[in-house]
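# Sequence and predicted structure are below.
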Amino acid sequence: GSVTSFVVQYMKIDWDLFGELALGIFSAIDASSLLLMHFTTNIWACYAGYLLFKACYMLLITIATFQIAVNLSMERYALMFGFNNFVALVIQTILTAVVVDSRGLGLDIVIQFLIYGSYFAVIAGIFLIRSISMFVSSKCK
């Protein structure tokens with residue numbers, strides 16, 4: 001994950017145009033790796049899916065952070081990233097309470113992969129639809 005995050009700085013990409021597309025693609029890869037872990041019984045495929053998920057997730061976080069930071073002034077970094085981390089922690093806590101906790105659904109790990117894979121698939125869909133609309137609007141200009 002750290003290697004992929006480090007490599008981002010050397011990519012010569014128009015992030016304004018392709019940032020949403022990259023977020024959509026890496027979210028789709030994350031969804032695919034989680035769904036692979038749901039549908040397979042091979043432990044090595046699960047390990048490979050986990051490694052792929054973590055590497056793409058770290059890259060996804062780096063790209064998303066960069067996309068946010070580009071449009072902020074230096075004085076607002078701490079507030080924005082503190083707020084983002086807080087919201088992410090709240091969402092993670094809610095998902096954990098609902099999906100994992102015995103007072104919630106109390107689902108086993110295989111079903112959790114399906115839930116989280118579906119979550120990433122929805123996120124990928126949102127980013128891909130947004131990137132398509134950005135491409136269409138840039139072509140119309």
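Looks like it arrived, so ask away.

# Verify the contact between Leu23 and Ala64 for me.
Yes. Judged on CB atoms under 8 Å, Leu23 makes contact with Ala64 at a distance of 6.3 Å. C-betas here are computed from N, CA, C, even on glycine.

# Look at these two and report which has more neighbours.
Taking other CB atoms under 10 Å, Leu23 and Ala64 do not tie; Leu23 has more neighbours (22 against 17).

# Can you tell me the closest non-neighbouring residue to the more buried one?
Ranked by CB to CB, 6 or more residues apart in numbering and with sequence neighbours excluded, the top spatial neighbour of Leu23 is Phe127, at 4.4 Å.

# For Ser2, see how far away the one you found is.
In this view, Phe127 and Ser2 are 23 Å apart by CB to CB, to the nearest Å.

# More neighbours: the two, which one.
A count of neighbours by other CB under 10 Å puts Phe127 above the other of Phe127 and Ser2, at 22 against 9.
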